[in-house]
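Structure of the sequence below:
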Amino acid sequence: MDSVWNAVIDLRPVILVSVLAGAILLVVAYAFSEDLDWTRRRMKIFGAFFGLRAGDALWLSAGLLRISFVVAIVAFCVRMEMIHMVFYAATAGLSVIFTTGVKNSLLDLVNTVVAYAALTVLNIIFGYYRDVNGDPYLLAIYCLLGVFVALYLLYFYIRGIGELMLHKIASGGLGSDDARGGTRDGARDDTDAKGENT
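Have a look, this model is predicted:
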């Protein structure tokens, strides 16, 4: 029980950032969905997250947790221990496994390795800054590299969401209501036309 509690304490910054990110997304989604109407274009954005496969939902969750992990490590200057490595490997593994397509999985694996290598370098830089040389340039390098890693992962995460939306559109998961609505309108027009001819 103590080991579990110690692991939770070690992951406290990650948990805090993850909860904060989830709360922000919830508030933004709620504000964005105000006066929502099925005929509005914005509904297609929400439609991308409805009827997801379990694998797609796991990929979305793992990707968000991985970004939250990187932000937490950088923002709180966390010295990575074994529990952080296990957590990162778990979230990255889920993201790689449930990414659609072999090419995207390989790309996600490369991004995972690059991000972890950057986090290792960040740990070394901050350790040197704290224990050996308090040069402010080192702190600036640490901040800039940390922002770059977070934006790097965020870019590919948003790109993956875009590909997910395109896949749903191609499979008929998005816009199907419009198509059915168009069919109903067309049938109604045909009925009206027949009535007029009669």
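
quick one: Ile141 from Ile124, how far?
Distance, Ile141 to Ile124, using C-beta to C-beta, to the nearest Å: 11 Å. C-beta here means a position set from N, CA and C on the backbone, and glycine is covered the same way.

So these two - more neighbours on which side?
A direct count of neighbours by other C-beta atoms under 10 Å for Ile141 and Ile124 places Ile141 higher, at 16 against 11.

Hmm, the more buried one is touching Ile125, no?
Yes: taking contacts as C-beta atoms under 8 Å, Ile141 lies within contact range of Ile125: 6.2 Å.

low-confidence ranges in this structure?
Applying pLDDT under 70 to the chain flags the ranges 1-7, 32-48, 172-198.

Tell me which helix or strand the residue most central in space within it sits in.
When C-alpha atoms, centre = their mean is applied to the chain, the residue found nearest the centroid is Leu64 (3.7 Å). Element membership of Leu64, judged by DSSP states H and E, is helix 54-75.

Just the buried positions in that helix, please.
Buried residues in helix 54-75, counted by 16 or more other C-beta atoms under 10 Å: 56, 59-74.

again, but for stretch 80-90
Within stretch 80-90, the residues that count as buried by 16+ other C-beta under 10 Å are Met80, Ile83, His84, Phe87, Tyr88.

Just checking the distance from the top helix by length along the chain to the centre of its chain.
In the chain, with assignment by DSSP state H, the single longest helix is helix 136-170. Relative to the chain's own centre, helix 136-170 is displaced by 9 Å; criterion: C-alpha atoms, centre = their mean, to the nearest Å.
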